[in-house]
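S.K.: Sequence and computational prediction follow.
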Amino acid sequence: MAIVTGIGRAVWYDVWDISDHLTAADMVLSQDAPEITTLPDTFHVHVGGGLKTAVASGQGYFEAASSGGGEAIDDIFDVRLGVSGAVLSMTPGASTVGSVCYSMDALATQHVPLPGDTVGEVQGFSFACVSGNLAGTAHDAGAFRGIIQANSALTASGNSTGNQLGILAAGQEMRLAYHIQTVSGTNPTIDITVESDDSSGFSSAATQITVTQKTARSAAIQVKAGAVADDDWWRLKWVIGGTDTPTFLLSANLGIITLS
């Protein structure tokens, strides 16, 4: 059994890696079990199949830009309270390629910039998000468990090694969550796709998800609805263009979610 220590964890919120501001972070996935107790029953009776949700929260050290509107942690969450469409990804352990990661469309519901810390202590903050509605899907976003396909500054075209994530069945979606955090170079472009194949060599790879070409920082979740017959291997592919060493700091998570 591999024990996870929590060292090297990462939390990405939209186009920011907020890990270095956090001292704790958690994500809770839940599903209601509606009660169907009737008069003859002597115990509470519940049934499965209720509504699902995901809740993420974190706490850490407060920081704000002096003029407002910046990219310090307070500025990031202050203007996004009550706004859906941000992408939140979180690792339970290491954030290296091949590690487990959970991602969700995040609706910020709480931002606590003034938690009442003791005088003389480092000022803290906390935040909370719930899963919002994800455009282009049959259900709300929920959260999905995936495998990190990229987490580095990319300067050349390439692809991830790929993972045997399984065959995408009817009633499931393959989801890609990506966070492009920094972009540099002259006229930089990146084209991101998700490919599938029935073997690890990807000799007959098929494109399943295509991300609109990006030239600036961006974050989103994109989906491919099942079924996809035979293919159980999946990978990320990217093509980079531009001059003066075009570079994209990309973190990407890929996984299957069951909708029912």
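M.R.: Perfect, I can see it now. Numbers count the residues shown, from 1 in each chain.

S.K.: Can you report how many residues lie near Ser30?
M.R.: 11 (other Cβ atoms under 10 Å). In short, each C-beta sits where N, CA and C put it, glycine included.

S.K.: quick one: it and Arg175, what's the gap?
M.R.: For Ser30, the distance to Arg175 equals 19 Å [Cβ to Cβ, to the nearest Å].

S.K.: Please verify my assumption that Asp197 contacts Trp233.
M.R.: Yes: contact between Asp197 and Trp233 holds when scored by Cβ atoms under 8 Å: they sit 4.9 Å apart.

S.K.: Mutual contacts of those two, please.
M.R.: Any residue near both Asp197 and Trp233 by Cβ atoms under 8 Å, 6 or more residues apart in numbering counts here, and that gives Gly162.

S.K.: mind listing what the residue in the chain sticking out farthest from the centre touches?
M.R.: The C-alpha centroid of the chain is most remote from Pro40, which lies 45.9 Å away (Cα atoms, centre = their mean). By Cβ under 8 Å, 6+ apart, no residues touch Pro40.

S.K.: how close does it sit to Gly242?
M.R.: 71 Å.

S.K.: May I have the beta-bridge partners of Leu249?
M.R.: Here Leu249 sits in beta bridges with Ala153, Thr182, as judged by DSSP bridges.

S.K.: Can you report how many residues lie near it?
M.R.: So Leu249, with other Cβ under 10 Å, has 18 neighbours.

S.K.: just Asp75 next, same as before
M.R.: For Asp75, using other Cβ under 10 Å, the count is 16.

S.K.: State the three-state secondary structure for it.
M.R.: Using DSSP: H, G, I helix; E, B strand; the rest coil, the structure places Asp75 in helix.

S.K.: so what's it closest to, chain neighbours aside?
M.R.: The shortest distance from Asp75 to any non-neighbouring residue, by Cβ to Cβ, 6 or more residues apart in numbering, is to Ala65 (5.2 Å).

S.K.: Could you verify that the residue farthest from the centre of the chain is part of a helix?
M.R.: No: residue state for Pro40 (three-state DSSP) corresponds to coil; a helix is not indicated.

S.K.: Test my guess that Cys129 contacts Leu107.
M.R.: Yes: the criterion here is Cβ under 8 Å, and Cys129 meets it with Leu107 at 6.0 Å.

S.K.: between these two, who's got more neighbours?
M.R.: Per other Cβ under 10 Å, whichever of Cys129 and Leu107 has more neighbours is Cys129, with 25 against 21.
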